[in-house]
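Engineer: Pasted the sequence and its predicted model underneath.
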Amino acid sequence: MFTVTLLTSPADPKLDAALVDSLRNAWGGGDAVWLAPDEAAEFSVQSVPGTRWDVWDDLQRMGVDMVVQPSNGRRKKMLLADMDSTMIQQECIDELAEEAGVGARVADITARAMNGELDFEGALRERVGLLEGLDASVIGTVLDTRIHLMPGGPELLATMKSNGAYCALVSGGFTAFTAHVAETLGFDENRANTLLVANGKLTGQVADPILGRDAKVAALKDITGRLGLKAEDVLAVGDGANDLGMLKLAGAGVALHAKPVVAAECDRRINFGDLSALLYLQGYARSDFKQPSST
C-alpha cells in the first residue's frame, strides 16, 4: 500500500478538492483525507502508477507538490536536518561574506558547491579564506539581523519531539550558527564545522576535519546506532549536493526547495510547501501540530 500526499504553500493554500478527487479516481485510490483545508490531503493506492512523474510535472505547474511513498513506517523516530536553506532561510557563510564585503563572490561559490559543481571541502576553505580578518563579533550581528527560521520549522520540531522523535541538526556550516539554531528550535544535538578565531578575528581557516557529505552520512549511522534505531527510522531533509548521501540512506529523504541535481535524485521533493510538509508526509494533520513551548 502507498500513500499519495498532495500539498501546497501554507502562505497561499490553493489545493482544490476537485483536483484531489480527480487524481484519486484516476488512480483508483481510497477516500481522500484532508490534513489541512485547502493545503494538504492524502489518499492510499495499491501500487505506484506509471504516470506518477508526468502527473507530478503537471501538478508543479499548478503550484502543488505530490509525494508517493509506502504507507507503512511513514512516521519516523528521528529527524536529521541540514541547516542552511533548510532549517533557516539563508546560507550563513553568504551572510558573513556580505558583512566582509565579498558577498557576491562567496555566494557564487556557494551556489556552485550546493549544486555539486565544486568539491565541497575545497569550496568551503576558499570561502572561509575570504573572511580572514573579519571581526568575530559580526557572527552575533548576523545571527540577530540576517538569519530567519524557515517557516514550519518550530512546529516540525515540537510535533516530532512530542511524539518521541530524536532531532539532530547536521550542517556543513558552522557551530557558531548551529548551536544557536539548535537551541532555538529544540534540536537534541548539532554538528557542524568550526570557524577558527584569533585575537577576536576570523583567521580565514576552518578546523579539521571538514564536515561535508560523508560526515552527514556518518552522523546518521552514528546517531541511529547510539539510539538503537535503523536508517529506515530516519526522516532526513536538505537542499544541497552535500546532503545527498544522508537523503539516500534515510528511510525518508526529503529534498526541500532543493538544487536541481539534488531533486533529480530524490523521490520526495517539496518545492512549494514549507517544513510543515514533513509533518504531512508522516500523516500528521495540522490539528496534530504542536507549538513550541516558548510560544
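Structural biologist: Yep, that arrived.

Engineer: Does the longest helix along the chain pack against any helices or strands, and if so which?
Structural biologist: Longest helix in the chain, counting residues (DSSP state H): helix 213-227. Where contact means 3 or more Cβ pairs under 8 Å, 6 or more residues apart in numbering; DSSP states H and E, helix 213-227 is packed against strand 78-81, strand 166-174, strand 189-193, strand 234-238, helix 244-249. To be clear about C-beta, it is placed using only N, CA and C from the backbone, and glycine gets the same treatment.

Engineer: And these: which comes nearest Ile223?
Structural biologist: For Ile223, the closest of the helices and strands packed on helix 213-227 is strand 166-174, at 5.6 Å, according to Cβ to Cβ.

Engineer: what helices or strands is that closest one leaning on?
Structural biologist: strand 78-81, helix 92-100, helix 153-162, helix 175-185, strand 189-193, helix 213-227.

Engineer: Provide the strand pairings for that strand, with the direction of each partner.
Structural biologist: Paired neighbours of strand 166-174 in the sheet (DSSP bridges): strand 78-81 (parallel), strand 189-193 (parallel).

Engineer: relative to helix 153-162, how tilted is it?
Structural biologist: Going by axes from the mean of the first three to the mean of the last three Cα atoms, to 10 degrees, strand 166-174 is angled at 140 degrees with respect to helix 153-162.

Engineer: How far does strand 166-174 sit from its chain's centre?
Structural biologist: The chain centre lies 10 Å from the centre of strand 166-174; the measure is Cα atoms, centre = their mean, to the nearest Å.

Engineer: and Val262, what element?
Structural biologist: When elements are assigned from DSSP states H and E, Val262 belongs to helix 260-263.

Engineer: what's the following helix or strand after that helix?
Structural biologist: strand 268-270.

Engineer: So the residue sitting furthest away from the middle of the chain versus Asp135, what's the distance?
Structural biologist: The centre of the chain is farthest from one residue, Asn199, which by Cα atoms, centre = their mean lies 35.1 Å away. Taking Cβ to Cβ, to the nearest Å as the measure, Asn199 and Asp135 are separated by 10 Å.
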